[in-house]
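A.B. asks: next one to model:
(chains A, B and C, ligands or ions: 2)
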Amino acid sequence: MTATHDTVPFAEAIAAFDPVLGLETHVELGTASKMFCGCPTMFGGAANTHVCPVCLGLPGSLPVVNRTAVESTIRMGLALNCRIAEWCRFARKNYFYPDMPKDYQVSQYDEPLCFDGYLDVTVETPDGPREFRVEIERVHMEEDTGKLTHAGGATGRIHGADYSLVDYNRAGIPLIEIVTKPIVGAGALAPQVARAYVTELRDLMRALGVSDVRMEEGSLRCDVNVSLSRPGEPWGTRSETKNVNSLRSVERAVLSEIERQAAVLRDGGRVIQETRHFHEDTGRSTPGRSKEQAEDYRYFPEPDLVPVAPPRDWVEQLRATLPEPPAARRARLRAEWGISDHEFQTLVNAGALDLVEQTIAAGVDSAAARKWWTGELARTANDRGVELAALGVTPQHIKRLEELVGAGSLSDSLARQVLEGIIAGEGDVDEVVASRGLAVVSDDAALLEAIDAALAEQPDVADKIRGGKVQAAGAIVGAVMKATRGQADAAKVRALLLERLGVSE
Amino acid sequence: MGIIGADLVRQDAATLARAMAEGEVSSEEVTRAHLDRIGEVDDRVHAFLQVLSTEALDAARDIDRRRAAGEQLGPLAGVPIAVKDVLTMTGVPTTCGSRVLEGWRPPYDSTVVERLRAGGLVILGKTNMDEFAMGSSTEHSAYGPTHNPWDLERIPGGSGGGSAAALAAFEAPLAIGTDTGGSIRQPAAVTGTVGVKPTYGGVSRYGLVALASSLDQAGPCARTVKDTALLHAAIAGHDPRDSTSIQAPVPDVVAAADEADVRGMRIGLVRELRGEGYQAGVSQRFDEAVAILTDLGAEVVEVSCPHFEYALAAYYLILPSEASSNLARFDGMRYGLRMGDDGARSVEEVMSLTREAGFGAEVKRRIMIGTYALSSGYYDAYYGSAQKVRTLITRDFEAAFAQVDVLVSPTAPTTAFRIGDKVDDPLAMYLNDIATIPVNLAGNAAMSLPVGLAPEDGLPVGLQIMAPPMADDRLYRVGAALEAALVDRWGHLLIEEVPAL
Amino acid sequence: MTSLTRADVEHLARLARLQLAPEELDHYAGQLDVILQSVARVSEVAADDIPPTSHPIPMANVFRDDVVRPGVRRDDIAAAAPAWEDDRFRVPRILDEE
Ligand SMILES: [Mg+2]
Ligand SMILES: [Zn+2]
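C.D. replies: Ligands and ions are numbered 1, 2, ... in the order given. So this is what the prediction gives:
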């Protein structure tokens, strides 16, 4: 175990040290079948039902490469501006672990399928958006491991567990691993650059259709390498934080590791090369295996698989299938919508770009579409810690809401209640309106009845209004809105009230 | 010649198949005769680890029924066969000669077994072998050694000693072997039988429990060249479940065996695979066989393959390296043996105890050699250099095959040695494969067939024929011609001289 | 080539998950050393300009279509498992990480 140090506040750490980052991202590809066998990749099947001799590593079984997985990797490589290998091999990475059926992982080692690329990302700074180029070292293919559940002892933790249970449904699901070159010069923006990079990767993969990147199911996992150096000095020793599975955690993992290493160095300590484990609950990491006693993986070319040598015309065909690059698309949309950089970045940060675009495509006015997604819905998603798209609200829902608001049958506050209902799973717009009885009360007689009742309740207020203190009308309007459970149009109530009392504005 | 009244177990597969096709005998009778023979002699030979009496008789009766119903059956339908215990067969224990897999019943058929079933062959049982095919004597089986029917005190070769001994003891007319460095050919040589290692990728490896993936190849074993060809044709051909399976038609090995003609062929004697280190009687019988080939109209020349002297060293790096990885999965977590799981020990301890108890000495030696050869800091000097030697050996073969159609050599440097003689002297044991290994490194096809008994000990001598990749048919053309000439000379197959058990 | 010590064998055995007894360590140390000295001669001819061969028959681009196929029955793998609980393989505690 390493000694625990305090942390140095981030600003102080950055003032003294330059951070260098390296990010290794694993994403499960969205193929129908696994990397080397015909088992389904579907999430959530009963334990050990999506398995066969190949992905269980049974003696005698042999792997055969999934063509779609190779195509997805090449497309991702192309989208990351990589070069595509003319000839490369799979390798075996040998180490014993019970979640790995063969006790080696079929991966790629010194011959990745894609290499030498880059990805431009934008981060918000007080001085406006700033672009960073993140250089990509390699993109390669490999297979996922099975899933361990720890039983007995401390709840669900590997440490102190009495034994573990293994489900191999996930074993053999195709993974794409994307490794950056060292990211230098980000300074205080390092945590944001890391987050923006992973966000951009996620969006790219979704745009390519190679993965739907279900983060909540752990289909994207990030290993974060951090080292610190004093300005002008050689890079320090790096640590590798594993188990970083959300965009927010990527940012927090970088930040907390900078703070931790800065404290070690400040105290005259030595940062050790080690693997650390990130904890979502605390936002901090704890030390794992020291790399000094690390496994020797004994990589060698996988003899059971033949080399992959993508013909150039195949690569060009795949290049032709690439969608508009997300950065170019953003520039185009910003121009089309005619909004400021700042407002646009708010949309991007909220993860609302696709949704807004689809909502506009469904026929909703662009300002209204932006208002819905970045306002109420973005707040709700943020509060719940889920992605906007995961709320269950669709562009079609927004279109219908806008129709009802435009026709005057829903007020803005009623519309918000409808959204609540949709998010709660009560059905689509019309179903929620019907079941919750949400409709604007536009019947004048009913409103006048409510106004009279409110006036009778608060005779002193009625007198004030009659006396010309029009600003006191708010109390009566509020009472009417309350009585109609928000289903009235407040402006209309006010007009009727003033008319009733014979007062003009 | 009718088969009625003949000793069924002494017939070759082609004869049995013809007799069954003509209704002279049923598969059930043939199968029962072989099961009876196994019951009679296998306590002394120990060729089998599992005898599948019930399943075999059921399969035989099924073939008889289908034949009676007029169904068109394959050329070997109804013929019994023994399968090396390294190929999976659904629901039947597959041990690979190891304790670590004791009791494991695979949930799937290997492609070879699937093709045997599809061809109507009747699987009699699973044969003994050196543990995970590591050995040249079948002494490294966890279930005890197999004995050579020519002399029960001697080894039947390895690792496929069980399959070869089953043939020589007339327990089966056909057998499946696997050959990583000579495990089909060397047992064939020391038991007076025939065996072929097909071109790498010619026969699917799906369901063949891997020793060294880039070297392993399953192949046919029999008592005649023609039977070997028939079995070769039954199991070979592309399999989409094996990525290294060749996507091309199988050379017509049966036609080549029927032609049996070497006139005008150029045959190369490999200078590096004869002379010093070869037993006198082995060299004598080999030279006589070469003289016969010349008499039959072949042109025999000497060729040199200068890098073959490095083959053994390269092989004993590549094989252990791949094996150390292939055998990692035997960790006691998912199937097979588990040792020391007392609730307190960690997974690492249980894996280590399981592997310590489950593997024999030779397996552990090779796992450690391979672990060393692949480890960082040693990879280039050991594994990397061995892969370069592999290139040099392939180039030697290419240069030789530019001059000749096939190459020949003795299959093994000696006849069968005594059980126990070399069991704890790994280097001496490894020398048995000196002539067979180059072919595995380069992926070529090769055959061993018997060419007589060494005068000094009266034990069989094998001759190896080597062909370029995908030219497996040349083995049969030459082998069948030589076999016919020898039968002419002796009046019978060599195997007829095996002593009664 | 340096020669293999008892400690080297112990390290290899740990990497390979083999719980060797002390007397086995001595026995193997001698044997492995002889074998390694003997196979080390591959480097005599392994010149820089010789490409290594990993696969004996040159082939490339062997793929399968991305199609789902049936696997094995869970009952069969459960029957073969040394320990099985709650539809999963039960394995001893893992001393690692955290
Ligand atoms: Mg990886
Ligand atoms: Zn599978």
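A.B. asks: show me the contacts for whatever residue of the stretch 201-350 of chain B ends up closest to ligand 2.
C.D. replies: For the stretch 201-350 of chain B, the residue positioned closest to ligand 2 under C-beta to the ion is B:R241, at a distance of 11.7 Å. To be clear about C-beta, it is placed using only N, CA and C from the backbone, and glycine gets the same treatment. Going by C-beta atoms under 8 Å, 6 or more residues apart in numbering or on different chains, B:R241 touches A:62, A:64, B:111, B:204, B:206.
A.B. asks: now for the residue nearest to A:D212 when sequence neighbours are not counted, how many residues are close by?
C.D. replies: Residue nearest to A:D212 in three dimensions, not counting chain neighbours: A:G30, with 5.5 Å by C-beta to C-beta, 6 or more residues apart in numbering or on different chains. Here the number of neighbours of A:G30 (other C-beta atoms under 10 Å in any protein chain shown) works out to 21.
A.B. asks: is it correct that A:G30 is in contact with A:G209?
C.D. replies: Yes: counting by C-beta atoms under 8 Å, A:G30 touches A:G209, with 7.3 Å between them.
A.B. asks: wasn't A:T25 part of a helix?
C.D. replies: No: according to DSSP: H, G, I helix; E, B strand; the rest coil, A:T25 belongs to no helix; its state is strand.
A.B. asks: what residues does the stretch 301-450 of chain B put near chain A?
C.D. replies: Proximity of the stretch 301-450 of chain B to chain A is confined to B:321-322, B:324-325, B:328-331, B:333-335, B:343, B:347-348, B:351, B:371, B:374-376, B:379, B:383 under the rule C-beta under 8 Å from any C-beta of the partner chain.
A.B. asks: let's go with 6 Å and repeat that
C.D. replies: B:322, B:325, B:328-329, B:331, B:333, B:347, B:351, B:374-376 (C-beta under 6 Å from any C-beta of the partner chain).
A.B. asks: distance of the closest residue to B:A298 other than its chain neighbours from B:A229?
C.D. replies: Nearest non-adjacent residue to B:A298, counting by C-beta to C-beta, 6+ apart: B:V262, 4.1 Å away. Remark: distance between B:V262 and B:A229 (C-beta to C-beta, to the nearest Å) = 16 Å.
A.B. asks: next: B:A361.
C.D. replies: Counting by C-beta to C-beta, the gap from B:A361 to B:A229 is 38 Å.
A.B. asks: more neighbours: which of the two?
C.D. replies: Neighbour count, other C-beta under 10 Å: between B:A361 and B:A229, B:A229 has more, with 29 against 17.
A.B. asks: who touches residue 43 in this structure?
C.D. replies: Chain wasn't specified; assuming chain A. Counting by C-beta atoms under 6 Å, 6 or more residues apart in numbering or on different chains, A:F43 touches A:E217.
A.B. asks: think we crossed wires, I meant chain C
C.D. replies: B:381, B:385.
A.B. asks: just read off the phi/psi values of it.
C.D. replies: Taking degrees, to the nearest 10, you get phi -70, psi -20 for the backbone angles of C:S43.
A.B. asks: write out the residues of chain A neighbouring chain C.
C.D. replies: Within chain A, the positions adjacent to chain C are A:31-33, A:38-40, A:47-49, A:51-52, A:64-68, A:96, A:98, A:158-159, A:161-167, A:277, A:288, A:301, A:306-307, A:309 by C-beta under 6 Å from any C-beta.
A.B. asks: picking up where we left off before, where does the residue of the stretch 201-350 of chain B closest to ligand 2 land in three-state SS?
C.D. replies: With three-state DSSP as the basis, B:R241 sits in coil.
A.B. asks: can you tell me the element residue 164 falls in?
C.D. replies: Went with chain A since none was named. Using DSSP states H and E, A:S164 falls within strand A:163-167.
A.B. asks: right idea, wrong chain: chain B
C.D. replies: B:A164 belongs to helix B:161-168, assigned by DSSP H and E.
A.B. asks: report pLDDT for the nearest residue to B:G281 once chain neighbours are set aside.
C.D. replies: Spatial nearest neighbour of B:G281, chain neighbours left out: B:A454 (2.6 Å); criterion: C-beta to C-beta, 6+ apart. B:A454 carries a pLDDT value of 98.
A.B. asks: thought B:A454 was touching B:T415?
C.D. replies: Yes: B:A454 is within contact range of B:T415, at 5.0 Å (criterion: C-beta atoms under 6 Å).
A.B. asks: and stretch B:138-154, what's buried?
C.D. replies: Buried residues in stretch B:138-154, counting neighbours by 16 or more other C-beta atoms under 10 Å in any protein chain shown, are found at B:138-143, B:145-152, B:154.
A.B. asks: quick check: the farthest pair among the residues you listed?
C.D. replies: The largest separation in the buried residues of stretch B:138-154, counting by C-beta to C-beta, is between B:A142 and B:W150 at 24.7 Å.
A.B. asks: measure B:A212 to chain C for me?
C.D. replies: Remark: distance between B:A212 and chain C (C-beta to the nearest C-beta, to the nearest Å) = 11 Å.
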